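Enquirer: here is a sequence with its predicted model. Questions after.
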Amino acid sequence: MTRCFNIAGPCFADEHYLIPPERRAAEALALIEQGRWFSLVAGRQTGKTTTLMAIARALSASGRQLVLWIDLQVARELASTAAVMRIVLDALATAVTRAGHRALLPDDTRVVAWLSTPETALEHYVSALCAASGRPVVLLLDEADVLAGAAMVSFLTQLRALYLARKEQPAPYGVVLAGVRAVRDYAVSHDEHRQLAWLGTASPFNVTVENVGLAPFTAPEVGELLTQHTVETGQRFEPEATTRVFELTAGHPWLVNALADQATRRDVTDRAVAVTAEHIERAKETLILERRTHIDSLLARLREERVRRVLEPMLVGDHFPASGLDDDVAYVANLGLIRRVDGRWQVSNPMYREIIPRALNATIQSSLDQQTAWYLRPDGGLDMGKLMAGWQAFWREDGHLAAAGFDYKEAGPHLMLMAFLQRVVNGGGRIDREYALGKGALDLLVTWKGERFAIELKQRRDTRTLAKGVAQVAGYARSLGLKEAWLVMFDRRKTVAWSKRLFRSTRRSGGVRVEVVGS
C-alpha cells in the first residue's frame, strides 16, 4: 500500500509519511521516567495522539511499566459525574485488556460498589489497578480537556488525591494529561448558557510539574517529510516548493501535511510532474476557501471572547492592557494560535495570519461589488492609485457602516479594507499579512504579476500618528527593497469631518515615497 500525507487522526508508519514521533516525545519520556505528572499541551492536530501512542509503545517495549493510553473523547462535555466516571472506568478496562492484562481488572462487584459513589470511584479503581499490576503504572490521558463542569472537577480532584496519597496507597507512577488547554484553563460550566469560570489558582489539580509542548516541524523535518513522498512515488518537490511549505506553515504538522496532500493528491496527480511553489500557493488558497476540518475548528475559536480579547489588539497593532490578559494570552498560545517571536506575540504562522482576517470578513468580502478589471492599467498591472481612490469612495459610502457590524469592532476598519483588497486581488495576486502585538500597525504586501506593493494600516488618534506611520511604512518598504509604500490612516477622531478624513498626500522618508491615504 502506498503511504500518503495524513490529514485525519493519528499517524501510522505503515499508512502515512511521518516524522518519527519519538523525536518529538523526548522531553515527555524523560519526565515520565522521573515519575512526573504533567500536561502535554499543544494546538489541534499538532500530533498529540500520535506522540502519546509513540510514548506508549516505547515504554511498553521495555516491559518495566504498565502503560495505559486512554482516550477521554467519549466523555466529551457530559454533565453527570456518575456517567463520566462510568465511561472513564470502562475506558481504563479497555486499555488494560488491549495491553493483554485483563487479569488485573477489579471484579464487577467492586466496580459497581465504587460507582455508587462517583466522587471517589476513579480513585479506588486506579489504586486497585496499581496494586494488582506489580509494575509502575503510567496513565496517558488523551483529550483530557474535553471533560466539563462538576465531572471535570471530580476527575481532577480524584487524580490529585491519588497523587497526594501515593506514599500510603498504590498510585500511578506517572500521569500525562494531554489536550489543547493547560489544566488551569479547564472550564467549568455553571448554567445552560455555558458561561465559563476559570479554575486558575483554585484548580483542584495543582500537582502537575509543568506544561510540555510539542515543537513544530523544523525546516529540515519538512524537507524530510516531503522527501518520503518522493522516495515512494518518484514525484519531486522543487526546493522552492519545500521552502514555501515551511514558510506558510511555520512547521505546523497538519498544515504541512494538508498543503502537501492537496498538491499531490488533487492538483498534481501526474507523478512525473514536480510540485512547484506555485502549486503550493494554489493548495493554500484551496484549503482556505474549502475550510477544511482543521480550519473550521480554528474559526470556531475566533468567536470565543477570550480569543477575541487577544487577537483584536494584534489585528490593529495595539498593546494589550497593562494587566488582566495574562491568562487569556496563555490560553490562546496553548491553542496554537499565537507564539512569541523576538519578544513580541504574533499569530503562529502565515497561513493563520491569512485565515483569521479572511474568516472574520468572509461574508462582507463575498458581498462586495468590486471587480478586478476596474483597477488595472492598460498593460494589465495593478493601478494602486486608482484602487485606493476606489477604496476611499467605498469607505465613505458604505464601508464605514458595514465595519461597525464586525464582532471585532476595533479591528472593523482593518478587516473591511482587507476584504476590499482581497476581493480585487483574488483576480490574479495575493496578499501577505504581518501583524504582531505592539507593532502599532498592520503590514500588508500585495503581490500582483511580479509587482509588489507595501501597505500599512494604522489608526489615527492624534496629530503625532501620521509622522510615526510614515516612518514605519517607509522602514517596511526598505526591508522589502521597495522605493514606494502606501499608508492607510483610519481617523478614529469623532470630531473630524469626512471632508478632512478623506485625503491623499505624498511624503518622503529615508528614500521611500509614501502615499498617505486618509480614511
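Expert: Right, received. Where do you want to start? Residues are numbered from 1 along each chain as shown.

Enquirer: using PDB, list the CA coordinates for the helix or strand hosting residue 422.
Expert: Using DSSP states H and E, the secondary-structure element containing residue 422 is helix 412-425. C-alpha atoms of helix 412-425 as PDB (Å, rounded to 0.1, in the frame of the first residue of the first chain):
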ATOM      1  CA  GLY A 412     -13.500  46.600  11.800                       C
ATOM      2  CA  PRO A 413     -11.900  49.200   9.500                       C
ATOM      3  CA  HIS A 414      -8.800  47.000   9.000                       C
ATOM      4  CA  LEU A 415     -11.000  43.900   8.300                       C
ATOM      5  CA  MET A 416     -13.100  46.000   5.800                       C
ATOM      6  CA  LEU A 417     -10.000  47.200   3.900                       C
ATOM      7  CA  MET A 418      -8.600  43.700   3.800                       C
ATOM      8  CA  ALA A 419     -11.900  42.400   2.400                       C
ATOM      9  CA  PHE A 420     -11.900  45.100  -0.200                       C
ATOM     10  CA  LEU A 421      -8.300  44.300  -1.300                       C
ATOM     11  CA  GLN A 422      -8.900  40.600  -1.200                       C
ATOM     12  CA  ARG A 423     -11.900  40.900  -3.500                       C
ATOM     13  CA  VAL A 424      -9.900  42.800  -6.100                       C
ATOM     14  CA  VAL A 425      -6.600  40.900  -5.800                       C
END
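
Enquirer: by contact count, what packs against whichever helix or strand comes after it?
Expert: Under the assignment DSSP H and E, the closest C-terminal helix or strand after helix 412-425 is strand 429-434. Where contact means 3 or more CB pairs under 8 Å, 6 or more residues apart in numbering; DSSP states H and E, strand 429-434 is packed against helix 350-360, helix 412-425, strand 442-448. Heads up, the C-betas are built off the backbone N, CA and C, glycines and all.

Enquirer: nearest to residue 306, of these?
Expert: Comparing the helices and strands packed on strand 429-434 against residue 306 with CB to CB, the closest turns out to be helix 350-360 (15.0 Å).

Enquirer: need the winner for burial among the helices and strands packed on strand 429-434.
Expert: Mean neighbour counts were compared across those using mean count of other CB atoms under 10 Å; the top stretch is helix 412-425, at a mean of 24.

Enquirer: please parse this structure into its domains.
Expert: 21-212, 219-290, 362-518 (automatic domain parsing).

Enquirer: where do the strands of the stretch 201-350 of the chain begin and end?
Expert: Along the stretch 201-350 of the chain, the stretches classed as strands by DSSP state E, counting those that start in this stretch are 211-212, 338-341, 344-347.

Enquirer: any stretches of the stretch 251-400 of the chain with poor pLDDT?
Expert: For the stretch 251-400 of the chain, the stretches with pLDDT under 70 are 320-324.

Enquirer: for the stretch 101-250 of the chain, that is, sorry about that
Expert: In the stretch 101-250 of the chain the weaker segments, taking pLDDT under 70 as the threshold, are 183-210.

Enquirer: now residue 370: how far from residue 242?
Expert: The span separating residue 370 from residue 242 equals 35 Å under the rule CB to CB, to the nearest Å.

Enquirer: the more surrounded of the two?
Expert: Higher neighbour count among residue 370 and residue 242: residue 242, with 22 against 19, using other CB atoms under 10 Å.

Enquirer: tell me the contacts of the more buried one?
Expert: Residues in contact with residue 242, defined by CB atoms under 8 Å, 6 or more residues apart in numbering, are 222, 223, 226.

Enquirer: adding distance to residue 182, write the residues you listed out as JSON lines.
Expert: Formatted as JSON lines, the entries for the contacts of residue 242 read as follows, by distance: CB to CB, whole Å:
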{"residue": "222", "distance to residue 182": "27"}
{"residue": "223", "distance to residue 182": "32"}
{"residue": "226", "distance to residue 182": "32"}
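
Enquirer: lovely, talk soon.
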